[in-house]
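[1] Okay, here's the prediction I keep looking at, along with the sequence it came from:
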Amino acid sequence: ILEKIFNVGDTSLTGRIMDYLALNPFATLLHVNLSYNTFGTKGLDVLVRAMANAPTIELHLTSCGLDDLSPFILGGRKLKNLKLLYLDSNHFHSTPANAKALSVLFDGGHPRQRELSLKGCGIDSELIEKSAPALSSNRKMKCLRLFENPLGDRGTAALIAAICDSTSFE
């Protein structure tokens, strides 16, 4: 079962899980849920590398203590089958690295991605203004959740403009 579904709710195991993943990458992992395990960005980097060639279609990383999306720039592009990505309740500051990574997530860097959830991630107008234009080139995204983020008027305007240019949103 570990080869198909990876769901860990016991946060006391987080360190051992990351150590295990670093040494034993999965080849057939389809669904991964590590929500509420605070492994941070270093753990995300290990996780993305361990899953690099797995046909993962769903990844849940809600409230994992993430503040840097950059592991998705390089390693994340190898997650070619990823359709659903949930990064809710993490905190992504407005940095050049996060803007670039968010642009990758927005522009179809994961070619099959249909849903991206970033609820309550502290995404502000500056970060969304820098990354939203990438949405206009994405033809696969169907659902983008940005609830509870301080987008502001400028960020909201940038997001609306990008979504209006995209033909994928329903």
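    In hand now; what should we look at? Residues are numbered from 1 along each chain as shown.
[2] contacts, neighbours, all on C-alpha from now
    Fine.
[3] wait, is residue 144 part of a helix?
    No: judged by DSSP: H, G, I helix; E, B strand; the rest coil, residue 144 forms no part of a helix; its state is strand.
[4] Would you agree it is in contact with residue 119?
    No: proximity of residue 144 to residue 119 does not meet the contact threshold set by CA atoms under 8 Å, at 9.4 Å.
[5] Between the two, point out the one with more neighbours.
    Between residue 144 and residue 119, residue 119 has the larger neighbour count (other CA atoms under 10 Å), namely 20 against 16.
[6] correct me, but the more buried one touches residue 85?
    No: with contact defined as CA under 8 Å, residue 119 does not count as touching residue 85 (11.5 Å).
[7] ok, how many other residues are close to residue 108?
    Residues contacting residue 108 under the criterion other CA under 10 Å number 20.
[8] which residue sits closest to it, ignoring its sequence neighbours?
    Counting by CA to CA, 6 or more residues apart in numbering, residue 138 is the residue found nearest to residue 108 once chain neighbours are left out, at 5.2 Å.
[9] Show me where the protein has its strands.
    In the chain, the segments counted as strands under DSSP state E are 5-7, 31-33, 58-60, 84-86, 115-117, 143-145.
[10] Let me have those strands in TSV, extended by distance to residue 50 and mean pLDDT.
    Shown next, in TSV, are those (distance: least, CA to CA, whole Å; pLDDT from 0 to 100):
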stretch	distance to residue 50	mean pLDDT
strand 5-7	12	53
strand 31-33	12	85
strand 58-60	13	91
strand 84-86	16	93
strand 115-117	21	94
strand 143-145	26	93
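[11] could those be laid out in TSV, adding distance to residue 108?
    Shown next, in TSV, are the strands of the chain (distance: least, CA to CA, whole Å):
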stretch	distance to residue 108
strand 5-7	24
strand 31-33	20
strand 58-60	16
strand 84-86	12
strand 115-117	11
strand 143-145	13
